[in-house]
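A.B. asks: how would this look folded up:
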Amino acid sequence: MKRACLFAALFCLAFSVIVFADETGQSDVELLVVDTQELIINDEYIVIPTPGVDQFNASYTETATASLTVKSNVPWKLSMKTKDWSWPEGVEKAVSHYEWKLEGQGDFQSCSNSNVTDVISGGPTGGTVVTLNYRVKLDWAKDVPGAYSIVQEYTLTKDS
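C.D. replies: Reported below is the predicted structural model:
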């Protein structure tokens, strides 16, 4: 009797393995990708060279360069606005004397602390480098010795 029970148990076990061995299942996997952007300011501190006689005679400082990197999985737009402008005591220098342009493109444009300025736009990218040139208008009679500074705020947004 023990043999018959053992044989029956082994038969059932073998049969159950065969039945369950062919079972498969699946699960659904979802991923939600959202608008993702990154703006890297490669040059957080930009120094315009100290102007000399040649620059005052030309009415402009030498050009300084800033580099930013844009990463975006959607069409994008880079804009900027001048936030703070300071000059030596007794001087009234207009923000518009601080100028910018995309390197190698067009003419210099005045910076603005009242309006947001569109700089450049593009399509999805894993790393577009945007290079900007800056300079300052000079005036022999108005630009006294001292430290002049400005803060540029850059904003990366989805371009619609």
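A.B. asks: residue ranges for the helices of this structure, please.
C.D. replies: Listed in chain order, the helices found in the chain under DSSP state H are 2-21, 53-58.
A.B. asks: among these, where is the model least confident on average?
C.D. replies: Mean pLDDT across the helices of the chain is lowest at helix 2-21; the value there is a mean of 56.
A.B. asks: Now A64: closest residue in space, sequence neighbours ignored.
C.D. replies: Across the structure, with CB to CB, 6 or more residues apart in numbering as the measure, the residue nearest A64 apart from its sequence neighbours is I48 (4.3 Å). Glycine gets a C-beta too; all of them are placed from N, C-alpha and C.
A.B. asks: How about K101, nearest residue that isn't a chain neighbour?
C.D. replies: Distances taken as CB to CB, 6+ apart place F108 nearest to K101, at 4.8 Å, with adjacent residues excluded.
A.B. asks: Would you quantify the distance from that neighbour to Y98?
C.D. replies: For F108, the distance to Y98 (CB to CB, to the nearest Å) stands at 10 Å.
A.B. asks: Can you list the low-confidence ranges for the protein?
C.D. replies: Across the chain, the ranges flagged by pLDDT under 70 are 1-21.
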